[in-house]
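> sequence unavailable; structure follows:
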């Protein structure tokens, strides 16, 4: 290690230790999608209760209002799988994929029932809830549970039915003709309600004429039990079954009222003659007298008196997957949903502005070609987002209405991969260099073509092949270091290494280009050869996240002089799957992993904090993306179960002091902290009395910090007037603010 490099490291270690501060996280929020309706019901006031994979919403048609619930707003889980209104108790029961049950009164008081969710059964999913004679009968992933509504306890459970497997998944249950009917992949069975249903021998198997025994729905109509597999509807009479309707689309469920029955398929709802009365994507449905509900991926659709309304849902994201995040200069959040485990997830492009969500798809913007957007970024004041297989959409995010353009093989010098019918183009990443040129990675199979495309401000394009190996294009991630070298990671799973390339600011002169490859064979501090993310920190170091850890390149410019790179693996992140890295303006790197968020100092590399579902409101530890609005200290955390936001004390410092203290006066017996805002970079704060006596010193690199009203001996100060004096070693400036403290 060179002397110059050692001194640089010691400087940052010293500065970071002085100005480090405790990380404060507060005001957590969770944004989930209420679009995809899984289950629905109607209470006796006409309110629609809709269960989604993002929680529950209640819609009141009388005043066109919504009330929403998710795991940070009243309930403990999000993925609703069943919902039911009991007409006797007037209670609403909601079941979830993790076995959680929530009980609502009509005035929205909630009782959490955790008995199933905390049990040891292998499959806890709640599939169906019905009531009969004061009891709930609950079809689950392990059998049937019976809940006494009045006593509020479980009275029995059924874990084996007839000769079916023990703890078999029960898809559906129904009560008809004084019998309870249960459906599974093995067929349909029934038990007299006068018998003990927990005794397997009390159950009988109903035979029916089909080789497909997997039953997905049961109902009754005109004193007949109806049930279905995914292709056929059967009717029973005297414990024998006959086929009454065959359908050429996959059946999801059956619903009925006193006048008819309907078959729900993935393509809509058809009547008993097999004619569609509603044609659209459908997840299920509900019928009550003359009111029918269609559960769709875009909201709840009311079908009444033959009239079909528009899909209804509260404003929310279009889906729960946030794999890529970016914030523009106005604080507007942009997101995409496709990711390495689901490259063809068609989530479109999403905007979150002033509390309102809006989704952009190829339906409104045919120029998109596809809707499976993978990456999103703000570059040179423009929004860029790549779609898997199509190209790159871009627009001015500050101009309304948005006007998207699209870069593809048709109008740019990208080279895609030929398929039998078309060309598959995948632009995995994009970054701007110091001159404002935008660089794009161009994935391809082992074939001729560029791995990088540079696009100048005036629209000229320059493709660059892999000068290390011309036919190697299996690449994904990109970063540009302070010396203009492009670092390109090979596609995860390909195991090639990290390519580097520097054109020396001469696009058309290839004789001075520098290129090469680093890999685990040359640098043992790399966990593997395929980074999932590459980020540059303010010190010029490169942070490389992998599926098995994190490494840092301290001197990336060494490749320009053919010198050895200094690469260090960060032990805190050993064996962690890294998805994203956020560099904040106060010295921290936020590492998004499959095990939560690791906050590491990018100066000392010490571990500051781990944020996961054990110490925060996060419901999952699989963090796909992370970004920050450091004008107000908000961190956005993307998962496949929704978007979280949390306020922090990490705020970009001001160029000059403008100190504001709140609250004034600072009452020690009431206020937890005094907020000190408007600080310059690397501030040393001193709190002194009006006589100049020293009370306490604080150091921060943020625009905002907090004082707890205690002196350097950890004793609460006396009532009086004090001065907050700030000094910045970076700007050589000072700031002063007077505060009043009351201690009584």
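Arrived safely. All of these numbers come straight from a predicted model, not from anything done at the bench. Numbering: from 1, shown residues only.

> separation between residue 433 and residue 458?
Distance of residue 433 to residue 458, computed by Cβ to Cβ, to the nearest Å: 15 Å. C-beta coordinates here come from the backbone N, C-alpha and C atoms, glycine included.

> look at those two and report which has more neighbours.
residue 433 (16 against 5; other Cβ atoms under 10 Å).

> tell me who's in contact with that one.
Neighbour list for residue 433: 439, 454, 480, 484 [criterion: Cβ atoms under 8 Å, 6 or more residues apart in numbering].

> who wins on neighbours among those?
residue 439 (23 neighbours).

> which helix or which strand is home to that one?
Using DSSP states H and E, residue 439 sits within strand 438-441.

> what's downstream of that strand, the next helix or strand?
strand 452-455.

> parallel or antiparallel, which strands does the next helix or strand after that following strand pair with?
Once the chain leaves strand 452-455, the next helix or strand it forms, by DSSP H and E, is strand 461-464. Strand pairing for strand 461-464, determined by DSSP bridges: strand 452-455 (antiparallel).

> how about the partner strand, which residues are buried there?
Neighbour counts over strand 452-455 (16 or more other Cβ atoms under 10 Å) mark 452-455 as buried.

> repeat that for stretch 305-312.
Neighbour-count burial for stretch 305-312 [16+ other Cβ under 10 Å]: 308, 311-312.

> among the residues you listed, which are in strands?
residue 308 (DSSP state E).

> pLDDT check: weakest of the buried residues of stretch 305-312?
Lowest-confidence member of those: residue 308, scoring 91 (pLDDT).

> contacts only, for the nearest residue to residue 622 once chain neighbours are set aside.
Once flanking residues are discounted, residue 622 sits nearest to residue 594: 5.1 Å by Cβ to Cβ, 6 or more residues apart in numbering. Taking Cβ under 8 Å, 6+ apart, we find residue 594 in contact with 576-577, 579, 621-623.

> go again with 10 Å.
547, 576-579, 620-624 (Cβ atoms under 10 Å, 6 or more residues apart in numbering).

> what do you get for residue 173?
Residue 173 sits next to 127-130, 137-140, 144, 158, 180-183, 218 when contact means Cβ under 10 Å, 6+ apart.

> so which of those is the most crowded?
Compared across those, residue 182 has the highest neighbour count, 30 neighbours, by other Cβ under 10 Å.

> other SSEs contacting whichever strand or helix holds that one?
Using DSSP H and E, residue 182 sits within strand 179-184. Applying 3 or more Cβ pairs under 10 Å, 6 or more residues apart in numbering; DSSP states H and E, one finds that strand 179-184 contacts strand 126-132, strand 135-140, strand 144-148, strand 172-176, strand 187-192, strand 204-206, strand 217-221, strand 224-228.

> give the partner strands of the shortest one in its sheet and their orientations.
Strand 204-206 sits in its sheet next to strand 187-192 (antiparallel), going by DSSP bridges.

> sort out which residues of the strand it pairs with are buried, please.
Within strand 187-192, judged by 16+ other Cβ under 10 Å, the buried ones are 187-191.

> quick one: contacts for the residue positioned nearest the centre of the chain?
Centrality entry for the chain: nearest residue to the mean C-alpha point is residue 639, 2.4 Å, by Cα atoms, centre = their mean. Residues counted as contacts of residue 639 (Cβ under 10 Å, 6+ apart) are 30, 32, 320-323, 579, 592, 618-625.

> what about residue 58, which SS state?
For residue 58, the assignment made with DSSP: H, G, I helix; E, B strand; the rest coil gives strand.

> residues contacting the nearest residue to it once chain neighbours are set aside?
Closest residue in space to residue 58, ignoring its immediate chain neighbours: residue 67 at 4.6 Å, by Cβ to Cβ, 6+ apart. Residues counted as contacts of residue 67 (Cβ under 10 Å, 6+ apart) are 47, 49, 56-60, 73-74, 108, 314.

> 7 Å - rerun?
Counting by Cβ atoms under 7 Å, 6 or more residues apart in numbering, residue 67 touches 57-58, 108.

> and for residue 111?
Here residue 111 is in contact with residue 103 (Cβ under 7 Å, 6+ apart).

> and this structure, what are its domains?
Following automatic domain parsing, one gets these domains for the chain: 31-245, 660-742.

> just name the most buried of those.
Neighbour counts (mean count of other Cβ atoms under 10 Å) averaged over each of the domains of the chain peak at domain 31-245, with a mean of 19.

> re earlier: is it true that the residue nearest to the centre of the chain lies in a strand?
Yes: with three-state DSSP as the criterion, residue 639 is part of a strand.

> any idea what it is bridged to?
Here residue 639, judged by DSSP bridges, has bridge partners residue 642.

> three-state assignment of residue 558?
Relying on three-state DSSP, one would call residue 558 helix.

> surely it meets residue 567?
No: contact criterion Cβ atoms under 7 Å: residue 558 and residue 567 do not qualify, at 10.2 Å.

> between these two, who's got more neighbours?
For residue 558 versus residue 567, the count of surrounding residues by other Cβ under 10 Å is larger for residue 567: 19 against 15.

> mind listing the residues bridging to the more buried one?
Applying DSSP bridges to residue 567 yields these beta-bridge partners: residue 553.

> re earlier: neighbouring strands for the strand holding residue 182, and are they parallel or not?
strand 172-176 (antiparallel), strand 187-192 (antiparallel).

> hmm, who's touching that strand?
With Cβ under 7 Å, 6+ apart as the test, strand 179-184 has contacts from 137, 144, 161, 164, 168-174, 188-193, 197, 215, 218, 225, 227.

> what's the mean pLDDT across it?
97.

> per-residue pLDDT, residue 2?
48.

> and for residue 423?
On pLDDT, residue 423 comes in at 84.

> before we move on, what about residue 682?
pLDDT, read off for residue 682, is 86.

> tell me the contacts of it?
Residue 682 is in contact with 19, 701, 728-730, counting by Cβ under 7 Å, 6+ apart.

> can I get those residues in TSV with distance to residue 490 and pLDDT?
Supplementary listing: the contacts of residue 682 in TSV, determined by distance: Cβ to Cβ, whole Å; pLDDT from 0 to 100:
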residue	distance to residue 490	pLDDT
19	37	50
701	35	86
728	43	91
729	42	81
730	39	82
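
> which members of those occur in strands, if any?
Going by DSSP E, the strands hold residue 728 from the contacts of residue 682.

> closest to residue 612 out of the contacts of residue 682?
residue 701 (25.1 Å; Cβ to Cβ).

> how about the secondary structure of the nearest residue to that closest one once chain neighbours are set aside?
Distances taken as Cβ to Cβ, 6+ apart place residue 586 nearest to residue 701, at 4.1 Å, with adjacent residues excluded. Judged by three-state DSSP, the three-state class of residue 586 is coil.

> next up, the contacts around residue 586.
Going by Cβ under 7 Å, 6+ apart, residue 586 touches 650, 701-702.

> next, format those residues as a markdown table and append distance to residue 297.
Formatted as a markdown table, the contacts of residue 586 follow (distance: Cβ to Cβ, whole Å):
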| residue | distance to residue 297 |
| --- | --- |
| 650 | 37 |
| 701 | 45 |
| 702 | 42 |
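
> of the domains of the chain, which is nearest residue 475?
Using Cβ to Cβ, the domains of the chain put domain 31-245 closest to residue 475, at 32.3 Å.
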